[in-house]
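Enquirer: sequence unknown, structure follows:
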């Protein structure tokens, strides 16, 4: 897959959220969308990132911004994760990794000297017309939500 860049049309997706409802990119048309890809439910970094977006959700929605998380975890896993941390935004289940690959976040990773394929934590801001407005590659969780809000403020 060629790398996506700012100005590209965001790849469409059609994925179930934690309640099983199918959402696609067009469901967010007319609003900015923070689409963040994360490795796994209920891990420390992913929990911190999700809770950070939840804590800022009201502020983001007041600005016309929606948030959605994507991982390869199942709908049931997302449902438990969302319930446990009271997450009130969609967590999209991409078990077939179609959107994960379309957004170029399925990468070779290394841990403890072992190589494996996994999701590289990445956030996309998609504008009201479905174009990529900003990309945050290789996200570090600490301070990420603040970084996203700063960029959103500049994109007005």
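Expert: Nice, thanks for sending it over. Just so it is clear, the structure is predicted and the values come from calculations on it, not from any experiment.
Enquirer: Give me the residue at the spatial middle of this structure.
Expert: residue 36 (1.6 Å; CA atoms, centre = their mean).
Enquirer: what kind of secondary structure is it in?
Expert: strand (DSSP: H, G, I helix; E, B strand; the rest coil).
Enquirer: List phi and psi for the nearest residue to it once chain neighbours are set aside.
Expert: Of all residues not flanking residue 36 in the chain, residue 123 sits nearest, at 4.2 Å (CB to CB, 6 or more residues apart in numbering). Just so you know, the C-beta spots here come from the backbone N, C-alpha and C atoms, and that holds for glycine as well. Main-chain dihedrals, residue 123, degrees, to the nearest 10: phi -120, psi 140.
Enquirer: got the contact list for residue 123?
Expert: Contact analysis of residue 123 by CB atoms under 8 Å, 6 or more residues apart in numbering lists 34-37, 135-136, 139, 144, 148.
Enquirer: Residue 137 now?
Expert: Residue 137 sits in contact with 120, 122, where contact means CB under 8 Å, 6+ apart.
Enquirer: For it, grab phi and psi.
Expert: Torsion angles, degrees, to the nearest 10, at residue 137: phi -80, psi 160.
Enquirer: Likewise for residue 93?
Expert: Dihedral angles (degrees, to the nearest 10) for residue 93: phi -100, psi 120.
Enquirer: Next, find the distance separating the closest residue to it other than its chain neighbours from residue 39.
Expert: Spatial nearest neighbour of residue 93, chain neighbours left out: residue 75 (4.7 Å); criterion: CB to CB, 6+ apart. Here residue 75 is placed at a distance of 17 Å from residue 39 (CB to CB, to the nearest Å).
Enquirer: Give me the contacts around the helix or strand of the chain with the lowest mean pLDDT.
Expert: Lowest by mean pLDDT, DSSP states H and E among the helices and strands of the chain is strand 106-111, with a mean of 88. Residues from elsewhere that reach strand 106-111, judged by CB under 8 Å, 6+ apart: 97, 100, 115-120.
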